[in-house]
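Student: structure, please.
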Amino acid sequence: MTWRALPGPAGTPADRMAARRGRRLLHGELSRVRESALAWRNGLGALLAGLIGFGLLKGRTDVGALAGSYGAVVGGLLLCALLCGVGGAVLLLRAAHGRPAATALPAPAPGRLPAGPVTAGHEEALRAARALTRGVSATLVCAALLTAAVALTWYGPAKDGPRIAVTTPAGSFCGEPLSTTAGRLVLRTEAGEVTVDLSTAGTLRAVVSCAPSQGPPQH
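Tutor: Coordinates of the predicted model:
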């Protein structure tokens, strides 16, 4: 069976107007994506700068004061935020300014016409739009990780302070020292605040914790 191509219907003025309008849109597509990328870059940059500045205003600033492994968690969050921020910045710059390389002009394939400027611009606009979308997502993830790190630094549990174990004729007490006034030591214990008369104390030592196994004294 032999197939024969036949001409289609003639184009109408509306078809020609639509074609011209589409061509004008393609001509300005890349510039619009570039302008959008610049706006997103400036806005997200201001957001991150404000977030970092707000995180330095108040709250705990020493990660080492956090209890247990919370300091390591904050460090991991900050590292992930740094990686996402760098990746987002690179993608946003790629969307706004293109790749830092010269444009290659490949030879056309046999039997095909070379791609025109409209086609090349459209392909670059698609790549820039993809880079913009990924850059915005990475930057927002960076902002979320920074927020989580700052919140954990501010509101995470503090590392336990030194503990004092005291032995008196009335019994043994262990807790966090609060104050010492007129030979009396105030301890915060699990049962509440306890006042110990140091003049009757048989032993007084610093311990790591008030667990049954308190370990050696600290000097």
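
Student: for V166, list the residues it contacts.
Tutor: Contacts for V166 (Cβ atoms under 8 Å, 6 or more residues apart in numbering) come out as S172, F173, C174, L185, L187, V196, L198, A201, T203, L204. All C-beta atoms are positioned from the backbone trio N, CA, C, and that covers glycine.

Student: can you confirm the second one is in a helix?
Tutor: No: membership of F173 in a helix is not supported by DSSP: H, G, I helix; E, B strand; the rest coil, which gives strand.

Student: what's near enough to touch it?
Tutor: A165, V166, L187, T189, V194, V196.

Student: likewise for the third one?
Tutor: When contacts are counted by Cβ under 8 Å, 6+ apart, C174 is found next to R163, I164, A165, V166, L187, T189, V207, C210, Q214.

Student: secondary structure class for the second one?
Tutor: For I164, the secondary structure call by three-state DSSP comes out as strand.

Student: can you give me the helices for the chain?
Tutor: 13-55, 70-97, 117-155 (DSSP state H).

Student: so which of those comes closest to A5?
Tutor: helix 13-55 (19.6 Å; Cβ to Cβ).

Student: pLDDT weak spots in the chain?
Tutor: Within the chain, the segments meeting pLDDT under 70 span 1, 8, 11, 15-16, 19-27, 54-65, 100-120, 160-161, 211-219.

Student: break it into its domains for me.
Tutor: Annotated domains of the chain cover 18-100+119-155, 163-207 [automatic domain parsing].

Student: appreciated, that's everything.
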